[in-house]
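>>> no sequence for this one, just the structure:
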């Protein structure tokens with residue numbers, strides 16, 4: 001019966017996706033916060049809705065119905081967040097400064113990051129130079145040097161702000177951060193470096209940013225993800241035994257390998273969200289009640305710690321090269337607070353994004369170019385986090401975004417007064 005009705009459910013799913021996208025723009029209205037429309041909170045909300053829809057039809061049986069309910073809660077959370085954001089009002093006249101302590105904070109963080117990276121490489125070696133890059137980065141990450149590795153990644157927000165501040169050697173610091181990311185053999189942190197710097201350089205007038213250019217940049221990032229995913233497969237001998245890759249690898253069809261990897265990424269959101277829900281519903285995994293959002297303070301402790309993505313991988317019996325099974329934003333919310341978590345995780349994420357966009361808009365109107373660039377840099381990070389969270393969750397697969405968010409909030413507070421909402 002279900003297979004007979006599935007085409008109608010898919011059609012209904014597509015219709016709801018289109019209506020939800022239109023509602024997002026309708027709720028936001030003409031307010032674009034001084035940003036190109038593809039970068040406004042409404043557009044990011046639409047991206048989250050569409051990403052969750054791309055491969056949902058591949059789910060079989062009741063899994064599809066269960067996922068549609070989770071996805072519907074996320075759609076509701078996005079729309080509710082946009083509606084709630086319209087009620088926010090600035091409290092007081094904004095007074096922006098760029099104190100020397102902000103630059104000092106960034107340089108001190110940069111120095112500590114470089115030192116941490118060097119100590120980490122001395123103890124664990126350089127994962128990128130190892131024979132098994134994919135597994136090597138995971139083994140190094142859980143080997144008891146968690147805080148060193150995490151601190152090394154803090155070069156990303158520090159160098160991004162130094163570029164935004166147009167400090168001498170700012171671009172050099174970004175280059176060092178890039179080398180640290182490459183040395184640690186991780187992919188996603190590159191986006192957290194590229195997006196804030198791209199928005200910061202636009203804000204101080206290095207280039208014009210139109211909607212078409214944003215879309216072109218988005219396509220370029222997707223191609224970069226596909227290329228990195230393809231390299232990951234090609235560089236690991238174990239992937240030659242995987243049925244989905246073996247034929248293309250044998251034929252040397254690297255474009256096909258990259259396309260398969262990209263397709264796999266699209267299917268992660270629905271399949272992993274349902275998998276996480278099943279583990280909770282079956283009692284194999286207990287509700288976390290917010291614990292996963294504080295993994296920053298426990299998963300970097302000495303010794304091997306089990307983060308949510310690795311717990312899901314172990315409990316589900318999955319066996320593949322690399323890290324854990326990312327819970328997705330929907331799955332992470334469900335794992336913490338059941339259906340309420342799925343709704344409110346997207347609600348608060350969009351609400352926070354709207355608040356940051358509002359602050360950027362105020363900084364752009366009331367302040368100089370350098371301050372606008374700092375505001376754009378910070379907003380760029382939160383845009384990247386909101387998109388990446390659709391797969392990784394807010395903190396379920398990595399502690400770095402939470403640590404970087406805390407750093408950016410402190411940086412924001414260091415250079416603004418009277419910017420609160422009431």
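The structure has been received and is ready for your questions. Note that the structure is a prediction, hence the values are computed from the model and not measured. Residues are numbered from 1 along each chain as shown.

>>> who touches the helix or strand containing residue 122?
Element membership for residue 122 (DSSP states H and E) is helix 100-124. For helix 100-124, contacts defined as C-beta atoms under 8 Å, 6 or more residues apart in numbering pick out 140, 143, 145, 147-149, 151-155, 157-159, 161-162, 165, 167, 173, 176-177, 180, 183-184, 374, 407, 410-411, 414-415. Bear in mind the C-beta positions are built from the backbone N, C-alpha and C, glycine included.

>>> Give me the buried subset of those.
140, 145, 148-149, 151-155, 157-159, 161-162, 165, 167, 173, 176-177, 180, 183-184, 374, 407, 411, 414-415 (16 or more other C-beta atoms under 10 Å).

>>> Please narrow the residues you listed to those residing in helices.
Using DSSP state H, the members of the buried ones among the contacts of helix 100-124 that fall in helices are 140, 148-149, 151-153, 155, 157-159, 161-162, 173, 176-177, 180, 183, 374, 407, 411, 414-415.

>>> List the contacts of residue 66.
274, 277.

>>> you'd agree it is in a helix?
Yes. According to DSSP: H, G, I helix; E, B strand; the rest coil, residue 66 belongs to a helix.

>>> buried set for stretch 21-31?
Applying a neighbour-count criterion of 16+ other C-beta under 10 Å, one finds 21, 23, 24, 25, 27, 28, 31 buried in stretch 21-31.

>>> how many neighbours does residue 329 have?
Per other C-beta atoms under 10 Å, the neighbour tally for residue 329 reads 30.

>>> Could you give the number of residues near the nearest residue to it once chain neighbours are set aside?
Counting by C-beta to C-beta, 6 or more residues apart in numbering, the nearest residue to residue 329 once its immediate chain neighbours are dropped is residue 389, at 4.8 Å. The burial count assigned to residue 389 is 22, neighbours taken as other C-beta under 10 Å.

>>> My read is that residue 389 contacts residue 349, right?
Yes. Proximity of residue 389 to residue 349 meets the contact threshold set by C-beta atoms under 8 Å, at 6.6 Å.

>>> which neighbours do the two share?
Joint contacts of residue 389 and residue 349 (C-beta under 8 Å, 6+ apart) are residue 329.

>>> Next, the contact list for residue 337, please.
Counting by C-beta under 8 Å, 6+ apart, residue 337 has contacts 287, 289, 290, 344.

>>> any idea which of these is least confident?
By pLDDT, residue 290 ranks lowest within the contacts of residue 337, coming in at 88.

>>> ranges for the strands of this protein?
Ranges of strands in the chain, per DSSP state E, are 95-96, 416-417.

>>> Confidence-wise, which of the ones you listed is weakest overall?
Among the strands of the chain, strand 95-96 scores lowest, with a mean of 50.

>>> by how many degrees do the helix holding residue 122 and helix 155-164 diverge?
Helix 100-124 runs at 140 degrees relative to helix 155-164, counting by axes from the mean of the first three to the mean of the last three C-alpha atoms, to 10 degrees.

>>> So which bits of helix 100-124 are buried?
Quick answer for helix 100-124 (16+ other C-beta under 10 Å): 102-103, 105-107, 109-110, 113-114, 116-117, 120-121, 124.

>>> And stretch 261-269, by the same measure?
For stretch 261-269, using 16+ other C-beta under 10 Å, the buried residues are 261, 262, 265, 268, 269.

>>> And the pLDDT at the last one?
With respect to pLDDT, residue 269 has a value of 88.

>>> ok, it - contacts?
So residue 269 contacts 51, 52, 54, 55, 56, 328, 330, 390, 391 (C-beta under 8 Å, 6+ apart).

>>> can you list the residues you listed in CSV and add neighbour count?
Below are those laid out as CSV (neighbours: other C-beta atoms under 10 Å):
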residue, neighbour count
51, 19
52, 26
54, 15
55, 17
56, 24
328, 32
330, 32
390, 24
391, 21
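
>>> ok, back up a step: kindly indicate which of the buried residues of stretch 261-269 lies nearest residue 226.
The shortest approach to residue 226 among those belongs to residue 262, at 4.2 Å (C-beta to C-beta).

>>> the helices in the stretch 201-350 of the chain, which residues?
211-234, 243-251, 254-281, 308-316, 328-366 (DSSP state H, counting those that start in this stretch).

>>> Show me the shaky parts of the stretch 201-350 of the chain.
Scanning the stretch 201-350 of the chain for pLDDT under 70 picks out 229-232, 234-245, 248, 254, 296-306, 319-323.

>>> I'd like to know how far residue 406 sits from residue 376.
According to C-beta to C-beta, to the nearest Å, residue 406 and residue 376 sit 19 Å apart.

>>> So if I had to pick from those two, which one is more boxed in?
The neighbour comparison of residue 406 against residue 376 (other C-beta under 10 Å) goes to residue 376, with 26 against 12.

>>> what about residue 382, how many residues close to it?
Residue 382: 24 neighbours (other C-beta under 10 Å).

>>> Please disregard the earlier target; I meant residue 293.
Neighbour tally, residue 293, other C-beta under 10 Å: 19.

>>> how about it, what does it touch?
336, 394, 395, 402.

>>> looking at the helices of the stretch 201-350 of the chain, which is closest to residue 12?
The nearest among the helices of the stretch 201-350 of the chain, by C-beta to C-beta, is helix 254-281 at 15.7 Å.
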